[in-house]
Each structure stands twice: as structure tokens, then as C-alpha cells.
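Student: The following block contains a protein sequence and its predicted model.
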Amino acid sequence: TQLLEQSPQFLSIQEGENLTVYCNSSSVFSSLQWYRQEPGEGPVLLVTVVTGGEVKKLKRLTFQFGDARKDSSLHITAAQPGDTGLYLCAGVSYENAGKSTFGDGTTLTVKP
Amino acid sequence: ETGVTQTPRHLVMGMTNKKSLKCEQHLGHNAMYWYKQSAKKPLELMFVYSLEERVENNSVPSRFSPECPNSSHLFLHLHTLQPEDSALYLCASSQGPTDTQYFGPGTRLTVL
């Protein structure tokens, strides 16, 4: 069974700091998604990346898909309290019959 | 109307009750999913429907019974649940079973 490993599992930082969250696997993904989930709510899609080496930006968030399409990173610049939440990555792999695999998530807390 | 809706948002039930969770998607998607999310645990895929046919059942106890009457609606019928079934139940949809999934807000279920 393929795994998507996210690191760190927990991250607590001060407002204004930068951070990077990682999503790694030994499997190749045809696409990879990042979601943010707030307590008691469903995950909200942030981005989908499909091309190796692809970089996408969403305001202060920068998403990168690894060249080999096995890993991804999410970088947040000048974090704000509103960025607090659970960040989930999910990958679709032909090796897993096209099913989505979710990582365990990174819980981010940004303190004012 | 927002993409994926779920009702009720909160549900408290006794172990002998019968209740149903409802999910509706307004995105024209052909695949729908039920997930269970317990505290401090990763997302657990329960059921997948594609074109109204169940294509995946991840060893879910029979006290959970899904129903997909059409491509826009998905139900999860609950019967004689256990306290350990208390969790956030998330519905998701995607264009096809290998495409990006969009989540509803979830139903917070508490079994007494």
C-alpha cells in the first residue's frame, strides 16, 4: 500500500514567520492535491498539481510538485492566524488503480 | 448553491437509533465518496460510488449502509452504531473516480 507521508505532523509558529510543509512518497502520482481543513469543517481544495516540477502560487502560498512527481511542498510566506488549520495532501496514482491516497496531515497553528 | 452540501451538520444518536446522513453535489460529478475522520486519525475512505454503482467498500461494518439513488445524491444509513463510531463524516465528489475530490462540510456524529 502506498503511503503519503507529511511532515511535520504539528507546527506552531508566530504570525509573520515563513514555513514549509512536505508531502513525500515512494510512488509516482499523476496528480497531487493540497487541502486545508478547519475544525469541524470539510477539507477545502487549495490546488492541484499535475506536471513534474510545477510551481503554483496562491497569494502567500507556494506549491511545488517534485520533478519525479513523488513529492510536493507547500510554502507559506508571512503566515497569518487565518492560515491555522490542518493541511492535507492527496495523490492520485496509476499504481493504485487511480485511487486517491491522503496523507495524515500537518496541523498548523499561527499565533498572533 | 455551494458545491457539496451535507445534512445534518450535527447529529447525536443513541446506539439503538436509526438515522441517515445526506450528501448532495451540485457540480455535475459522477463519483461520490464517504469518509470517516476521527480525532487524531487520518481520513478513512468508507465507500466509493461511480455512476451510481458502488465500486469500493473498505471493510466497513454493516451497521453503515450507503445508498446512491442518482449521481447527485448520496446517503449513509446508520443503524445500531457504537460510541467508537463518533466522528466527522465527510462526503466528497469528483468528476470521475480518479479526479480531484471536492468535500462537503461534514456531519459531526456523536453516538451515546
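Tutor: Thanks, I have it.
Student: for B:His79, what are its contacts?
Tutor: Listed by CB atoms under 8 Å, 6 or more residues apart in numbering or on different chains, the contact partners of B:His79 are B:Lys18, B:Arg63, B:Ser65. C-beta coordinates here come from the backbone N, C-alpha and C atoms, glycine included.
Student: cool, A:Asp67 as well?
Tutor: Here A:Asp67 is in contact with A:Gly52, A:Gly53 (CB under 8 Å, 6+ apart).
Student: what's the answer for A:Thr109, then?
Tutor: A:Phe10, A:Leu11, A:Ser12, A:Ile13, A:Thr84 are the contacts of A:Thr109 under CB under 8 Å, 6+ apart.
Student: Looking at those residues, which is nearest chain B?
Tutor: Nearest to chain B among the contacts of A:Thr109 is A:Phe10, at 10.8 Å by CB to the nearest CB.
Student: who's the closest one bridged to?
Tutor: A:Thr107 (DSSP bridges).
Student: correct me, but it touches A:Thr107?
Tutor: Yes - using CB atoms under 8 Å, A:Phe10 is in contact with A:Thr107, at 5.0 Å.
Student: out of the two, which sits in the more crowded spot?
Tutor: A:Thr107 (17 against 9; other CB atoms under 10 Å in any protein chain shown).
Student: That one reaches A:Gln9, doesn't it?
Tutor: Yes - using CB under 8 Å, A:Thr107 is in contact with A:Gln9, at 7.0 Å.
Student: which one is B:Ser38 nearest to, not counting chain neighbours?
Tutor: Nearest non-adjacent residue to B:Ser38, counting by CB to CB, 6 or more residues apart in numbering or on different chains: B:Ala87, 4.4 Å away.
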